[in-house]
Structure formats: structure tokens, C-alpha cells
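Colleague: Okay, predicted coordinates and the sequence, questions at the end:
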Amino acid sequence: MTIEKRITDLTTLADKVNAEHRACEKAVGAALGHAINAGELLTEAKAGVQHGSWGTWLAEKFEGSERTAQAYMKVYRRRDEIRNGAADLSLRGALKELEAKPTDEPTRKIYAQAMVPSEDGQGHRLGRTFYTMDEYARENGLRMNPPLLVDPEFHGLLPPLRDSEYAGLEKLIVREGCRDAIVAWNNTILDGHARYEICVKHGVDYLVRDVDMDCRESAMIYIIDTQLGRKNYSPQELAYMRGKVAIRQVMRERGISEEQAWEEWFQGEDVPV
């Protein structure tokens with residue numbers, strides 16, 4: 001092979017390589033653009049579905065996973081933070097870049113209160129330590145942003161938040177982040193249904209604390225007991241939930257059906273309240 005032919009062949013190869021490189025960059029950039037577009041459409045869909053039905057809508061209508069939907073919505077929500085001319089960024093690359101960006105967003109920081117040595121060394125004081133959420137999750141055995149399941153029976157145990165309460169919670173989470181961990185058993189939400197829905201809707205980071213339960217009845221009692229100390233329920237609602245606790249305890253302890261437990265309740269049997 002002559003020198004001239006070798007040079008010609010290398011030039012042709014270089015042209016072909018560069019053509020493939022440009023096509024690759026174009027395809028990757030197009031993928032990120034499609035992801036942002038999908039995030040915008042998902043955000044619009046989330047605002048349009050009935051309250052409490054987002055997870056069901058995703059499962060029935062969206063071909064990807066819930067985690068993928070969260071990623072799409074996140075790059076859409078923070079699209080202005082992705083560097084200009086990001087034709088060479090994949091969706092994964094864009095997400096990594098967003099994670100690496102220094103930010104003052106409250107959703108990226110949480111604080112824990114603990115007794116710390118005082119400045120004079122003569123005692124301790126109550127102080128705050130700020131962590132990124134992933135740091136705090138690792139140190140406290142929590143999970144960050146896992147897709148969770150919504151059990152209709154668990155979700156239906158409690159009266160839903162009033163519209164004003166939901167709107168207030170949504171505004172707080174969007175502004176300050178999700179401070180309270182969502183509680184889950186077998187990857188199913190026990191406490192924090194509204195917080196989870198809001199976080200998924202707005203792409204806000206959240207933490208999950210896993211608990212052990214020996215059966216569904218124990219999980220249901222936990223759900224109701226957790227709510228009894230909260231102040232956003234009327235006396236009638238609290239009485240109803242206490243009754244649910246009592247019935248579940250009877251069912252578990254005596255091995256009878258819910259119908260039999262309610263019969264004993266109305267007959268004045270020794271049912272705990």
C-alpha cells in the first residue's frame with residue numbers, strides 16, 4: 001500500500017468516525033430532550049389525575065418504572081440547571097450533574113438535633129448538624145427515594161387530608177423538602193401517603209424508614225395508632241379510628257373474622273377501646 005493510499009484511507013476513516021461521533025452526540029442529546037419532554041407531560045398528568053391515584057395511573061398508563069418517571073420529572077423540573085449545549089449528556093449524565101451541583105435547595109439538606117459539646121468544653125448543648133439526605137440516610141439506616149407501593153386497604157384506613165391541609169403540606173414540602181421519613185413495611189407505605197405523593201409529583205427527595213410487622217393486622221394497627229396522637233382529626237374521626245384498632249386487636253387475638261368482631265362489639269362483649 002502506497003503512502004498516498006494509506007493517507008487517503010485514514011482520512012476516509014476519520015470522516016466516518018466523526019460522522020458516527022456526531023450522530024452519537026445527536027442521539028444522546030435527543031434522548032435527554034425526550035426525557036425532559038416526558039417529564040413535562042408527566043408533571044401535567046400528575047396534576048390532572050384524581051387525588052391519591054397517581055401511582056395507579058403510572059402503573060396502568062406508563063410503560064416505564066416509577067423511578068424512571070421520577071427521573072424524567074426531575075430533569076424537567078431542574079432543566080435550567082443542566083449546562084447549556086448539553087448535546088453530549090445522557091439522561092444518566094444529566095442526573096449525575098444535577099446531583100453534583102452545589103445547591104441551596106432545602107431538599108438537599110436536612111438537619112438532626114443532638115447533644116454536642118459546648119464551646120467552652122464544660123458541658124453539652126442541643127445543636128443541629130446538617131447532612132445531605134444521602135449522608136443522613138446512610139448513617140441512620142434509611143433508604144433514599146425508593147419506589148414504594150400503596151396498599152388501597154392501608155390507604156383507606158384513615159380519613160384523607162382536607163384540601164386545605166393537603167395544599168399546605170404540598171407548599172411546605174416544595175419549599176423546605178420532606179423532613180419526616182416515610183414509614184414502610186415490605187416496601188408498602190404505612191405512614192406518609194400524602195408526603196410520598198407530593199414528593200413524587202414535584203421530584204422532591206424523600207427518606208424511607210423500614211419497620212418490621214408480623215402480619216397485615218399489625219401493620220393496620222400501627223397505621224391507626226400512629227395517627228391517634230396527631231391533631232388534625234375530629235373527635236368523631238378519632239373515635240372511629242380507635243374502634244378500628246379495637247376490632248383489629250380482637251381479630252388478631254381471637255382469630256375471628258371482622259364481621260364476628262363487630263358483632264361482639266355491638267353485643268357489648270369485652271372489646272377493648
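Modeller: Looks like it arrived, so ask away.

Colleague: now the helices for this protein?
Modeller: Using DSSP state H, the helices of the chain run over 3-48, 54-61, 66-77, 91-100, 133-140, 152-155, 163-176, 193-202, 216-228, 235-254, 258-266.

Colleague: ok, the nearest residue to residue 143 once chain neighbours are set aside - contacts?
Modeller: Spatial nearest neighbour of residue 143, excluding adjacent residues (C-beta to C-beta, 6 or more residues apart in numbering): residue 208 at 4.4 Å. No exception for glycine: its C-beta is placed from N, CA and C like everyone else's. Contacts for residue 208 (C-beta atoms under 8 Å, 6 or more residues apart in numbering) come out as 142, 143, 144, 146, 148, 181, 182, 183, 184.

Colleague: What of residue 219?
Modeller: 154, 185, 188, 190, 213.

Colleague: Now for the second one: which residues touch it?
Modeller: Which is residue 185. 210, 211, 212, 213, 219, 222.

Colleague: what residues are up against the residue nearest to the first one when sequence neighbours are not counted?
Modeller: Excluding its sequence neighbours, the residue lying closest to residue 210 (C-beta to C-beta, 6+ apart) is residue 184, at 5.6 Å. Taking C-beta under 8 Å, 6+ apart as the contact definition, residue 184 lies against 148, 190, 208, 209, 210, 211.

Colleague: among these, who's most crowded?
Modeller: residue 190 (23 neighbours; other C-beta atoms under 10 Å).

Colleague: Correct me if wrong: that one contacts residue 224.
Modeller: No - with contact defined as C-beta atoms under 8 Å, residue 190 does not reach residue 224; the gap is 10.3 Å.

Colleague: what about this structure, any weak spots by pLDDT?
Modeller: When residues are selected by pLDDT under 70, those of the chain lie in 1-11, 13, 20-29, 51-52, 83-91, 97-131, 229-233, 267-273.

Colleague: same thing but 50
Modeller: 85, 103-108, 270-273 (pLDDT under 50).

Colleague: List only those of the contacts of residue 208 flagged as buried.
Modeller: Buried subset of the contacts of residue 208 (neighbour count, 16 or more other C-beta atoms under 10 Å): 142, 143, 144, 148, 181, 182, 183, 184.

Colleague: Can you spell out which residues form a bridge with the third one?
Modeller: For residue 144, the beta-bridge partners under DSSP bridges are residue 207.

Colleague: Go through the contacts of residue 219 and name the one nearest residue 176.
Modeller: Set against residue 176, the nearest of the contacts of residue 219 by C-beta to C-beta is residue 190 (23.2 Å).

Colleague: For that closest one, which non-adjacent residue is spatially closest?
Modeller: residue 183 (4.7 Å).

Colleague: I'd guessed that neighbour sits against residue 193; true?
Modeller: No - using C-beta under 8 Å, residue 183 is not in contact with residue 193; the gap is 10.3 Å.

Colleague: Report the two of the contacts of residue 184 separated the most.
Modeller: 148 and 211 (13.1 Å).

Colleague: now the buried ones among the contacts of residue 208 as CSV including distance to residue 263?
Modeller: Converted to CSV, the buried ones among the contacts of residue 208 look like this (distance: C-beta to C-beta, whole Å):
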residue, distance to residue 263
142, 42
143, 42
144, 46
148, 36
181, 39
182, 36
183, 32
184, 34
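
Colleague: Quick check: the farthest pair among those residues?
Modeller: 144 and 183 (14.5 Å).

Colleague: Could you report the neighbour count for residue 234?
Modeller: Residue 234 is flanked by 9 other residues according to other C-beta under 10 Å.

Colleague: and the gap between it and residue 251?
Modeller: Separation of residue 234 from residue 251 (C-beta to C-beta, to the nearest Å): 26 Å.

Colleague: Neighbours of the closest residue to residue 62 other than its chain neighbours, how many?
Modeller: With sequence-adjacent residues excluded and distances taken as C-beta to C-beta, 6+ apart, residue 62 is closest to residue 69, at 5.9 Å. By other C-beta under 10 Å, the residues close to residue 69 number 22.

Colleague: Hmm, residue 173 is touching residue 201, no?
Modeller: No - the pair residue 173 and residue 201 does not pass the contact test of C-beta under 8 Å, sitting 9.5 Å apart.
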